[in-house]
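# pasting the sequence and the predicted model now:
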Amino acid sequence: MYKRAELNNGLKIITYNMPNMQSVALGIWIRVGGRYENDQNKGISHFLEHIVFKGSKKYSCRSIKESIEGIGGTLNGFTSEELTCYLVKIPGRYLESALDVLSDMVINPKMPRQDTEKEKTVILEEIKMYKDLPQSYVYELLDELLWPKQPLGAPIIGTVDSVRQINREQLFSFKEKFYLPSNIVISAAGTLDNKKLIKGIMKIFKGEKGRGANRFSGATQIQGRTQIKLLYKDTEQTHMALGFHSFEREHPLKHALGLLHIILGANMSSRLFNELREKRGLAYEIGTLVRRFQDAGAFVVHAGIDNHRVIDAVQLILKELRKIKVGLVSKDEFRRAKEFYLGQLMLALEDTLDHMLWIGENTALLDKTYSLLDIINEVNKIKREDIRKVAGLIFKKDKLNLALIGPLKGAAGKINNKLYLE
């Protein structure tokens, strides 16, 4: 189903031919991100991701964009805690030229000093923007509670102080240290000629040398009591992120955790959406999310709540968490959750871009690639009791972390006294 190859310098290639498609998506993944940084250079992975778009040895900033958008394609990049990715989606016949553009950005960025300083001001404005958006900034507060004084607990974008300190020489040094072939995966999905693509990649990357695995410090999860962080802000609603330490990426119960997420807050059929929004009108936005890392994870409930009913909303959320800890979900609810879980994956894998992201991320982080059939077989082994087991392992009061942004001055003690989970 998937074709894999590895160059002598350690660079890995994973492809999936989708001959009935008109498009192809291509991604270059580097195993580096926010977890590989320290307090002094926090945000440098994200900064570097920005600056490579400013021009390379063969392409100017303008020609990079025009060479992809001028053929009807899209060009983007992102930085996460454990990965940096540069990607394109284009009509299939332009794959060779897109590979040339994307690879030259990664291998030979020019990083003009003037553009580096200019982009620094852009990133500083981006930091300010996120702090002005409480529905986004509340996750940063939660991360500080979950992983205090650790890279996972600090924003990927960096801080004002750390970004101001980053200069062109540091960016070059960081790239030379971490952008090694042995830490690079190239993934492609769509209409493609696998042999021709591999030949093109070998031609471009064969001269690149350097081996060794990028390493980050492991996460510590020491917590013995409920933690609450309040940020006073004169907002029209209170923004909440309630989080618990959860499972690492490859935990045996990872799919059961995914089903728990669906049942509690992944869609409009979920328990929290029904109880808080549909029945009581306590929130417009309410849901859950699962965050997975190599050695850590988190389960998060997020909501925008009526300022005058914050305690009511939080208590109702905890009530739903208690219920799923002690009682089995119904057979019908369990069936619907599995259908949604697998159905969403099936729909995503019909798209060339999502399929490229799927195989690229798994290969970069796990050095393996799951097929849809693999996932179906694993999910079909899950029992209703596994959902209850996962909830019991995660939802504990002494592991509860609550971040709130809103007009709640002096409310921490009052809220803490109302938290009941056991």
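Right, received. Where do you want to start?

# skipping its backbone neighbours, what lies nearest the most centrally placed residue in the chain in space?
Centroid-nearest residue in the chain: Ser80, 5.6 Å away (criterion: CA atoms, centre = their mean). Distance criterion CB to CB, 6 or more residues apart in numbering; nearest residue to Ser80, sequence neighbours excluded, is Gly33 at 5.0 Å. C-beta coordinates here come from the backbone N, C-alpha and C atoms, glycine included.

# wait, that neighbour touches Gly77, no?
No. Under the criterion of CB atoms under 8 Å, Gly33 makes no contact with Gly77, lying 12.0 Å away.

# what about these two, which has more around it?
Gly33 (23 against 20; other CB atoms under 10 Å).

# now do the contacts for that one.
The contact partners of Gly33, taken as CB atoms under 8 Å, 6 or more residues apart in numbering, are Ser45, Thr79, Ser80, Glu81, Glu82, Leu83, Thr84, Ile156.

# which ones among these map onto strands?
Counting by DSSP state E, the part of the contacts of Gly33 found in strands is Thr79, Thr84.

# between the contacts of Gly33, which is nearest His251?
The nearest member of those to His251, counting by CB to CB, is Glu82 at 15.8 Å.

# burial count for Arg336?
Using other CB under 10 Å, Arg336 is surrounded by 17 other residues.

# residue contacts, it?
Ser269.

# ok, now Val106?
Residues in contact with Val106 (CB under 8 Å, 6+ apart) are Ile28, Ile30, Val52, Tyr86, Tyr179, Ile184.

# biggest separation within these, which pair?
Val52 and Ile184 (13.5 Å).

# now Ile405. Nearest residue, chain neighbours left out?
Of all residues not flanking Ile405 in the chain, Pro134 sits nearest, at 4.1 Å (CB to CB, 6+ apart).

# where exactly do the strands run in the protein?
With strands called from DSSP E, the chain shows them at 3-6, 12-17, 23-30, 74-79, 84-91, 184-190, 227-232, 237-245, 283-292, 297-306, 401-406.

# of the ones you listed, which approaches Phe395 most closely?
strand 237-245 (6.2 Å).

# counting contacts, what elements does that closest one pack onto?
Packing partners of strand 237-245 (3 or more CB pairs under 8 Å, 6 or more residues apart in numbering; DSSP states H and E): helix 134-146, strand 297-306, helix 310-326, strand 401-406.

# which helices and strands sit right next to the shortest one?
With contacts defined as 3+ CB pairs under 8 Å, 6+ apart, the secondary structure elements packing on strand 401-406 are helix 134-146, strand 227-232, strand 237-245, helix 310-326.

# most packed of these?
strand 237-245 (a mean of 23; mean count of other CB atoms under 10 Å).

# pull up the pairing partners for that one, direction included.
Sheet pairing for strand 237-245, assigned by DSSP bridges, gives strand 297-306 (antiparallel), strand 401-406 (antiparallel).
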